[in-house]
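J.: The following block contains a protein sequence and its predicted model.
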Amino acid sequence: MITVEEANAIILAQTMRLETDWAPIATAVGRILAEDLVADRDFPPFDRVSMDGIAIRHASFAAGQFHFPIEGVAAAGAPQVSLNDATACLEVMTGAMLPLHTDTVIRYEDLTIADGEARLTVTDVKAGQNIHRQGLDRLKGEVIVPAGRLISAAEIGLAATLGKSMLRVRRLPKVAVVVNGNELVGIGEEPLPYQIRQSNNYALRALMSRWGVQADMEYLPDNEDIIALQLRRMLDQYEVVVLCGGVSKGKFDFLPASLEKLGVSRLFHRVAQRPGQPFWFGIHPDLNRVIFAFPGNPVSAFMNTIRYFQPWLYASSGLNTLPALHAVLAEEVNFKPDLTYFMQVKVHSDTDGRLIATPLQGKGSGDLANLTDADAFLELPRGKEVYQAGEVFRLWGYR
């Protein structure tokens, strides 16, 4: 049995180098950028008025002038206008080009306007105020966002500003989520007393969809011949196979042996953690396939997908560091087994803006309902029995 840290290192050593693809900016959120976003012109592209008001020559104010006749209006989206009389002003709107022969903007809140004249109601006017200077944010040709960034709404807005309706992103792998077990029936069926409806496939596919992956769902019965036949097909068809169930040491847990017979190399089987200890991981070196085989208990499969598949996916897409969250443990927790404990927690922010994690320990790894009450898993490292209130630990969220 290996540690969580060892399992994580082994998995990240088996990342794929995913090629690039094109995505419309409307669907690119959550993908990994595969190109630099470069300024196609200065940002802003001109001296931009940043407040509604009037534009003047500061020298006139410095000479003691507080009344400015209004020559005209400079609107946003209109060509640049010019101030003809150095003792006059132009009304200017936010976003407009700063008029020629002006160098200072005074906002309407600091003026009264009557009879075609603007009168200052303040005595402190700084030269150059309320002007967003050309190139202040970025210069033409400058890399604004480097490749390898996780795309958020901010990057989408920038791409639109650059006129990019399509973004080059890292391709997503073709993934199958497979549930196993004769006790499983479809969600549209009425289960017999000894059966349950399939749920892991839907839950894991929903998790993956948040990371951009549109996984296919598969089902395997507890039949060794069918498992071998269907796994062979899946290894040909999918780059990543995520299995749920059939990986422990029961009489009907055929998956590990079947995978190895098909040429899949086992890299580990069992991790020192709770939940999700009988976790099997391997690769098919000839086909360049990666296989995650999680326990069938829903909390185990859910947690392992977040903790291990998600970092593998992002690393394969070129994201070197997954953004990490940490939270403060709200109350003391006692946990005696020498295992890393992924504890289900409810998360809220306190008045200082810290994330506070309150334990919701549930009824074990089969308690699917408790996942709907919790928000995240708090990773409590092995090597201690008491985790004190106020200690800070890594948080793996799914809300």
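T.: Yep, it's here. Numbering: from 1, shown residues only.
J.: Apart from its chain neighbours, what residue comes closest to Ala376?
T.: Excluding the flanking residues, the one nearest Ala376 by Cβ to Cβ, 6 or more residues apart in numbering is Gly397, at 3.9 Å. Glycine gets a C-beta too; all of them are placed from N, C-alpha and C.
J.: Name all residues that make contact with the one you found.
T.: Listed by Cβ atoms under 8 Å, 6 or more residues apart in numbering, the contact partners of Gly397 are 325, 347, 375-376.
J.: Please, a ChimeraX command that selects the buried ones among those?
T.: Buried subset of those, written as a ChimeraX selection, criterion 16 or more other Cβ atoms under 10 Å:
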select :347,375,376
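J.: ok, back up a step: quick check, pLDDT for the residue nearest to Ala376.
T.: For Gly397, the model assigns a pLDDT of 95.
J.: Can you list phi and psi of it for me?
T.: phi -90, psi 160 (degrees, to the nearest 10).
J.: Please report how far it lies from Gly366.
T.: Computed as Cβ to Cβ, to the nearest Å, the Gly397 to Gly366 distance reads 22 Å.
J.: Equivalent analysis for Ile144, please.
T.: Between Ile144 and Gly366 the computed distance is 48 Å (Cβ to Cβ).
J.: got the end-to-end distance for stretch 202-218?
T.: 11 Å (Cα to Cα, to the nearest Å).
J.: farthest-separated two in the contacts of Gly397?
T.: Leu325 and Asp375 (10.9 Å; Cβ to Cβ).
J.: mean confidence score for stretch 188-205?
T.: 93.
J.: typo on my end, it should be stretch 114-127
T.: Here the average pLDDT along stretch 114-127 is 96.
J.: can you list the weak-confidence ranges in the protein?
T.: Applying pLDDT under 70 to the chain flags residues 250, 252, 320.
J.: pull the longest strand from it.
T.: In the chain, assigned by DSSP state E, the strand with the most residues is strand 340-349.
J.: Paired strands for the helix or strand just after that strand, with orientation please.
T.: Heading C-terminal from strand 340-349, the first helix or strand you meet, by DSSP states H and E, is strand 355-359. Strand pairing for strand 355-359, determined by DSSP bridges: strand 325-329 (parallel), strand 340-349 (antiparallel).
J.: who's in contact with strand 355-359?
T.: 325-331, 333, 343-350, 376, 378, 393, 395.
J.: what ranges do the helices span in the stretch 201-350 of the chain?
T.: 224-237, 255-261, 298-304, 310-316 (DSSP state H, counting those that start in this stretch).
J.: Export those as CSV, with columns for mean neighbour count and distance to Gln361.
T.: CSV is the format used below for the helices of the stretch 201-350 of the chain (neighbours: other Cβ atoms under 10 Å; distance: least, Cβ to Cβ, whole Å):
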stretch, mean neighbour count, distance to Gln361
helix 224-237, 15, 34
helix 255-261, 18, 29
helix 298-304, 26, 11
helix 310-316, 21, 23
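J.: what's the closest non-adjacent residue to Ile156?
T.: That would be Ile25: by Cβ to Cβ, 6+ apart, it lies 5.2 Å from Ile156.
J.: got it, and Pro191?
T.: Closest to Pro191 by Cβ to Cβ, 6+ apart is Val185, at 5.2 Å.
J.: Number of residues surrounding the one you found?
T.: Here the number of neighbours of Val185 (other Cβ atoms under 10 Å) works out to 15.
J.: Can you name the residues that contact it?
T.: 191-192, 195-198.
J.: From those, which land in strands?
T.: Going by DSSP E, the strands hold 196-197 from the contacts of Val185.
J.: Weed out the non-buried ones from the contacts of Val185.
T.: Using 16+ other Cβ under 10 Å as the burial test, these include Gln198 as buried.
J.: can I get the contacts of Val185 in CSV with distance to Gln230?
T.: Below are the contacts of Val185 laid out as CSV (distance: Cβ to Cβ, whole Å):
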residue, distance to Gln230
Pro191, 22
Leu192, 24
Gln195, 20
Ile196, 21
Arg197, 20
Gln198, 15
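J.: Looking at the contacts of Val185, which one is closest to Leu319?
T.: Closest to Leu319, out of all of these and judged by Cβ to Cβ, is Gln198, at 31.1 Å.
J.: Find the residue closest to the closest one in space, skipping its chain neighbours.
T.: Leu184 is the one closest to Gln198 (Cβ to Cβ, 6+ apart), at 4.9 Å.
J.: beta partners for that neighbour?
T.: The partner residues for Leu184, given DSSP bridges, come to Ile196.
J.: if I pick the closest residue to Val73 other than its chain neighbours, what's in contact with it?
T.: Of all residues not flanking Val73 in the chain, Glu91 sits nearest, at 4.6 Å (Cβ to Cβ, 6+ apart). For Glu91, the contacting residues are 53-54, 70, 72-74, 118, by Cβ under 8 Å, 6+ apart.
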